[in-house]
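[1] how does the following fold in three dimensions:
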Amino acid sequence: MRNLTVCALLLLIVFQSDSKTPPRVGECTLGIFTGQATTDGRPLLWKNRDILNGVQKFCYYAPTITMYDTTMSFIANAASIDTTRVYMGVNSAGFAIINGNSYNLNDQMIDGIDDGFIIKIALERCRTIFDFEHILDATSVIGRKDCWNYGAVDAFGNAALYECANYTYVKYNVADSVGEGNGLILRATFSFSGNSDYDGLPRYKRATELVRQRLLTHQGIDPRFILQTLSRDLANPIANPYPLPYNGTQNGRPEGFICVHDSSINRETSRSVMVIRGVLPGEDPRLATIYAVLGQPVLSVAYPLWVESHSVPPVLNQGTYTPMYSQVAARRAKLYTLHDDGEYLDSRYLIGKDSIGVLTYTTPLETTILNAVETYMTSWRQNIPNSSVFAAVQNMLADSIYNAYCRIPLTFPVPPLDMPIAEIELKNYPNPFNANTTIDLSQFAANEPVDIKIYDMMGREIRSFSSAGGDNSHVVWDGRDRDAKSLSSGVYFINAAASGRSATIKALLIK
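    Coordinates of the predicted model:
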């Protein structure tokens, strides 16, 4: 593995850039949490990706197999205009990596290997953090362009943060009591091994405060806390706006506007989020789960992804301006309405005086999805399914999220739909069935629009219906596809989705 890595790095020299070192445009915030700090003992990686290029996507990279070399498959975040470089992800071995710029290590280069290439090589080749250290050793000789903090975990219980200058790096073992302790490390855009210019220090302090408050209440860190509290936090040195609605003023701007330029975790340049939940030592790495957020965190919703699905849903990947990016961008225009002052967002669009806003819809929607994932994971840890089931579940949840998100109003106040956090208990009868099965929609609200989709075991949509919820509401499926062709015997997935809620069940067709 080490020889393969060195060969790959030598090839990368061809791609060195001759451009000058860019200005401070990357202001990411990141965290590494070992099982000591998490609710279930599994490690978590978190990164808010802050960058001026807002057009991001998530990509699946298939393994490449040649006579001399084999790489691993992985899912990663990339800029839509250049998917040859990636900036956070996890591979089929359960190795996960994130990074952020560091501006106080006093190094900069005109030439050298950049972080996007380093992370891509790591995801292609690393099984452990020690494999990644071989890459750092090699690039310390060749030279790395700019300085970064890297966080990595693997499927063997190892976790570390690396503060990397051009030719040197310092390793922090997350399990050590040095630094934050409690089995976690947080960083903004500075390194403790650098000088005293702690760029992004308010973001680091705020993240530390939120995490410590959480741990003091004897609650561990979990994906929901990271997504809904850490990644979307709007506090700054001027004010803590919580709980919303915020009625204060900042720097002479209109009531409710919050400065998110540098010191808040959710910044105006926050373009994507990835939360990666790893596995326990000895657990199958196929169970590593990604929660992927595209666009401004306070406006978006997390999509669950698995490398074993061998895919990424089109809403996160298709085209330059992916469907989800376009949806979030439309709402972003409503969030930043001071057109000559883009460093301030209108918090009333998130939660207004009438307690209605985007978060009225997105928070329960995301919570429902997180709960659904937990249900699947509990089952999969007992009996891991094949890749087609991973793909089917991933596609169904993505469709549910996207369809519900598209129904969120663009302007407020609008009376919110009834969206309880509890999952819908979807039923169909008979099951197994031969000719017809009835899909019960009585647990949806009366006259609430419901989308019903049928998927095969490969995750392909084969039939869809539209109906309305209510006590006596139901849809009958005759076991045929959209072209009225009779389907063969087998397991099919029925998904029913309304705003903020979704449920999926298996149906067995027997001929």
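
[2] can you give me the strands for the stretch 251-400 of the chain?
    257-259, 270-277, 289-294, 303-305, 344-346 (DSSP state E, counting those that start in this stretch).

[3] how about those, which one is nearest Arg125?
    Taking C-beta to C-beta as the criterion, strand 270-277 is the member of those that comes nearest to Arg125, at 17.8 Å. C-betas here are computed from N, CA, C, even on glycine.

[4] that closest one packs against which elements?
    In this structure, strand 270-277 packs against strand 44-50, strand 56-61, strand 88-91, strand 96-101, strand 289-294, with contacts taken as 3 or more C-beta pairs under 8 Å, 6 or more residues apart in numbering; DSSP states H and E.

[5] and if we set it to 6 Å?
    Here strand 270-277 is seen to pack against strand 44-50, strand 289-294 when contacts are counted using 3 or more C-beta pairs under 6 Å, 6 or more residues apart in numbering; DSSP states H and E.

[6] re the thing from before, out of the strands of the stretch 251-400 of the chain, which gets nearest to Val153?
    When these are compared for distance to Val153 using C-beta to C-beta, the nearest one is strand 270-277, at 7.7 Å.

[7] now the closest one: average pLDDT?
    Confidence for strand 270-277, expressed as mean pLDDT, is 97.

[8] all helices of the stretch 351-500 of the chain, in order?
    Listed from the start of the chain, the stretch 351-500 of the chain has helices (DSSP state H, counting those that start in this stretch) covering 358-382, 387-406.

[9] next, the buried residues of the shortest one.
    Taking 16 or more other C-beta atoms under 10 Å as the neighbour-count basis, helix 387-406 is seen to contain the buried residues 387-405.

[10] ditto for stretch 165-173
    Neighbour counts using 16+ other C-beta under 10 Å place 165-166, 169, 172 of stretch 165-173 among the buried residues.

[11] which of the residues you listed sit farthest apart?
    Using C-beta to C-beta, the two most remote members of the buried residues of stretch 165-173 are Asn166 and Tyr172, lying 18.8 Å apart.

[12] could you measure from the nearest residue to Ile505 once chain neighbours are set aside over to Ser347?
    In space, not counting the residues next to it along the chain, Ile505 is nearest to Leu426; the distance is 4.9 Å by C-beta to C-beta, 6 or more residues apart in numbering. When distances are taken as C-beta to C-beta, to the nearest Å, Leu426 and Ser347 turn out to be 36 Å apart.

[13] more neighbours, these two?
    Neighbour count, other C-beta atoms under 10 Å: between Leu426 and Ser347, Ser347 has more, with 25 against 18.

[14] nearest spatial neighbour of that one, chain-adjacent residues omitted?
    Leaving aside its chain neighbours, Ser347 sits nearest to Tyr246 (4.7 Å; criterion: C-beta to C-beta, 6+ apart).

[15] low-confidence regions, the protein specifically.
    Across the chain, residues meeting the criterion (pLDDT under 70) sit at 1-26, 109-110, 177-181, 413-424, 457-459, 499-501.

[16] so for stretch 476-491, what gets flagged as buried?
    Of the residues in stretch 476-491, those scored as buried under the neighbour-count criterion (16+ other C-beta under 10 Å) are 477, 479, 487.

[17] send me that stretch as CSV with only the CA atoms.
    What follows is stretch 476-491 as a C-alpha-only set of coordinates in CSV (Å, rounded to 0.1, in the frame of the first residue of the first chain):
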residue,chain,number,x,y,z
VAL,A,476,-54.6,0.4,-4.8
TRP,A,477,-51.5,-0.9,-6.6
ASP,A,478,-52.1,-3.7,-9.1
GLY,A,479,-48.5,-5.0,-9.3
ARG,A,480,-47.9,-3.3,-12.6
ASP,A,481,-45.3,-0.7,-13.7
ARG,A,482,-46.0,2.7,-15.3
ASP,A,483,-46.5,1.0,-18.7
ALA,A,484,-49.1,-1.3,-17.3
LYS,A,485,-46.8,-4.3,-17.6
SER,A,486,-47.2,-7.0,-15.1
LEU,A,487,-44.2,-7.2,-12.8
SER,A,488,-42.4,-10.4,-11.8
SER,A,489,-42.5,-11.9,-8.3
GLY,A,490,-40.2,-10.2,-5.8
VAL,A,491,-39.7,-7.6,-3.1
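
[18] tell me how far that stretch lies from the chain's centre.
    Using C-alpha atoms, centre = their mean, to the nearest Å, the distance from the centre of stretch 476-491 to the centre of the chain it belongs to is 34 Å.

[19] out of the helices and strands packed on strand 270-277, which comes closest to Leu335?
    In terms of C-beta to C-beta, the element of the helices and strands packed on strand 270-277 nearest to Leu335 is strand 289-294, at 15.1 Å.

[20] relative orientation of the closest one and strand 56-61 in degrees?
    Comparing the axes of strand 289-294 and strand 56-61 via axes from the mean of the first three to the mean of the last three C-alpha atoms, to 10 degrees yields an angle of 140 degrees.

[21] listing partners with orientation, what would you give for strand 289-294?
    strand 270-277 (antiparallel), strand 303-305 (antiparallel) (DSSP bridges).
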